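[1] Give me coordinates for this.
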Amino acid sequence: MEPLPRWPGGGPEDIVKVLAAALEGGTLIPAGVAQALAAKLPAIEDRDWITHEELTWLSILANGGSVHDLAERVGYSERALYRLLHALYGRLGVSSRTEAILQASRRGLLNNH
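    Okay, the predicted model is just below:
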């Protein structure tokens, strides 16, 4: 496995920027690192096996919604929604919400949601 690109600069000022972004609820990932991570994710071939409803769920989560918020909005229990989301993650070939959002976004699946 090839190593990921190094953080630009790599100095203390970069660490401060990353921590400040995290404290504000954001992230700061250099483009090279994000591209390297995205390239390692399995490809999504088409939309046919992801329902409109599932794309809506991913869009809500991508925009900061929690599973609790999503469950209330779509009328499922949180437990049922967790099971459905994990099945979706499996179909996407990922294991987390962040990876699923990144994968769907990278493939343009969230552009219309």
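[2] how about L70, secondary structure?
    Of the three states, L70 takes helix under DSSP: H, G, I helix; E, B strand; the rest coil.
[3] So it versus L58, what's the distance?
    10 Å (Cβ to Cβ, to the nearest Å). C-beta coordinates here come from the backbone N, C-alpha and C atoms, glycine included.
[4] neighbour-wise, which of those two wins?
    Taking other Cβ atoms under 10 Å, L70 and L58 do not tie; L58 has more neighbours (24 against 18).
[5] doesn't R107 make contact with the more buried one?
    No: using Cβ atoms under 8 Å, L58 is not in contact with R107; the gap is 11.1 Å.
[6] any weak-confidence spans in this protein?
    1-12, 26-31, 34, 41-48, 112-113 (pLDDT under 70).
[7] helices or strands up against the longest helix anywhere in it?
    The residue-count maximum for a helix in the chain (DSSP state H) belongs to helix 78-92. Helix 78-92 sits against helix 52-62, helix 67-74, helix 97-106, with contacts defined as 3 or more Cβ pairs under 8 Å, 6 or more residues apart in numbering; DSSP states H and E.
[8] again, only using 7 Å
    When contacts are defined as 3 or more Cβ pairs under 7 Å, 6 or more residues apart in numbering; DSSP states H and E, helix 78-92 packs onto helix 67-74, helix 97-106.
[9] if you compare those, which one is most tucked away?
    When those are scored by mean count of other Cβ atoms under 10 Å, the highest mean neighbour count falls to helix 97-106 (a mean of 19).
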